[in-house]
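> Please work out how this folds:
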Amino acid sequence: MKQKTYLHWGVTITAAACAILVFYDTFFQDGVLFIFIEKLFGILKPVLYGLAMAYLLTPIVDFFDRLLRDRLGVKRAGLMRCLSILVTWLLALGLVYLLFSILIPELVASVSLLFSNLESYYRTIYTWVTQLVEDNPYISERVLTLVRDYYNELVDWVKNTVIPGAQVAIVAVTGGVLSVLVFAKAAKADEAKAAGADYVGEMDLVEKIQKENWFDFDVVVATPDMMGVVGRLGKVLGPKGLMPSPKAGTVTPDVAKAVKEVKAGKVEYRLDKTNIIHCPIGKVSFGPEKLTENFNAIMGAIVKAKPAAAKGQYIKSCVVASTMGPGIKMSTAKL
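Residues are numbered from 1 along each chain as shown. Here you go, the predicted structure:
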């Protein structure tokens, strides 16, 4: 009886408050009601999201509740319910992490490709609109101005909001570090896994690279006793700059140290026969600030390595480019 009374008074007070706000907003001040609704929704938003998640996950919780009771034979309903909720949330978080780690990098690549082709799309639309309204100069001018404005807004939005936001999400989900493949066996394989290597194996990885053309890694590390196996991949790893070597520190008995150094951001650079250095400075997921920091670090290391006997212009040219993208020439005066 008391619960019904409390509910009655609660509904009455809420209705009275809403009526007063509507009256005040209508006759005295514009926008008060909308501001109140906006603030109220902001307060209730977490509660509403929680209710929606609870509604969606309740069937899964019930399933695990029945499963745990049948398997464990425990009759304490409260304990089983808590365990079911915990298992459900862990499963949901794992699925969300897996989904984002797979989809977000692909989404950023697609958006980047779309952004690079955006100007050609704009020119196509612009030409089509020009031909469509060429008989009416007044309408043509207004429509083309509108198309240009929307195009500029879209470019700014994609460049300043979408791509940076997606890059931050990638770093948050994937960690933004290089993935490492290690060829090792027995105790050395366990050391590599403990150090954080992404892939560890022997012939199984060799066959996967050869048969599936698999290259989802950035650095290859190997123990000396595995080089006989890794040597079979010289023709595919060599051209990609992935072949491990003792000089680079990627052929070593201390695989744990090598993995940790790579994960910490260590990269190598070397001169080719034409005195050109090819060196990666990061991924698109790193963001502008980290890429700039990495660029300055590698250039600083190259300048510090200048031989004392070297005379004249040390760095003749510098070009930065994305994979399969156009090169951007940098000014060597400030390097």
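> for the strand or helix carrying residue 208, the distance to its chain's centre please.
Per DSSP states H and E, residue 208 falls inside helix 203-212. Chain-centre distance of helix 203-212: 27 Å, with Cα atoms, centre = their mean, to the nearest Å.
> Please apply the same query to stretch 281-289.
Centroid separation between stretch 281-289 and its chain, computed with Cα atoms, centre = their mean, is 10 Å.
> Export it to PDB, keeping only CA atoms.
Written as PDB, here are the backbone C-alpha positions of stretch 281-289 (Å, rounded to 0.1, in the frame of the first residue of the first chain):
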ATOM      1  CA  ILE A 281      59.300   5.900 -38.800                       C
ATOM      2  CA  GLY A 282      56.000   4.400 -37.800                       C
ATOM      3  CA  LYS A 283      52.500   3.500 -38.900                       C
ATOM      4  CA  VAL A 284      49.400   5.600 -39.600                       C
ATOM      5  CA  SER A 285      48.000   4.600 -36.200                       C
ATOM      6  CA  PHE A 286      50.800   6.500 -34.500                       C
ATOM      7  CA  GLY A 287      49.400   9.900 -35.200                       C
ATOM      8  CA  PRO A 288      51.100  13.100 -36.400                       C
ATOM      9  CA  GLU A 289      52.900  13.900 -33.100                       C
END
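> still on that earlier bit, would you mark the buried spots in the helix holding residue 208?
For helix 203-212, the neighbour count (16 or more other Cβ atoms under 10 Å) marks 205, 206, 209 as buried. For glycine as for every other residue, the C-beta is placed from the backbone atoms N, C-alpha and C.
> got those residues as a markdown table, with pLDDT columns?
Converted to a markdown table, these look like this (pLDDT from 0 to 100):
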| residue | pLDDT |
| --- | --- |
| 205 | 90 |
| 206 | 89 |
| 209 | 90 |
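> can these go into CSV with extra columns for distance to residue 93?
As requested, the buried residues of helix 203-212 are exported to CSV (distance: Cβ to Cβ, whole Å):
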residue, distance to residue 93
205, 30
206, 35
209, 32
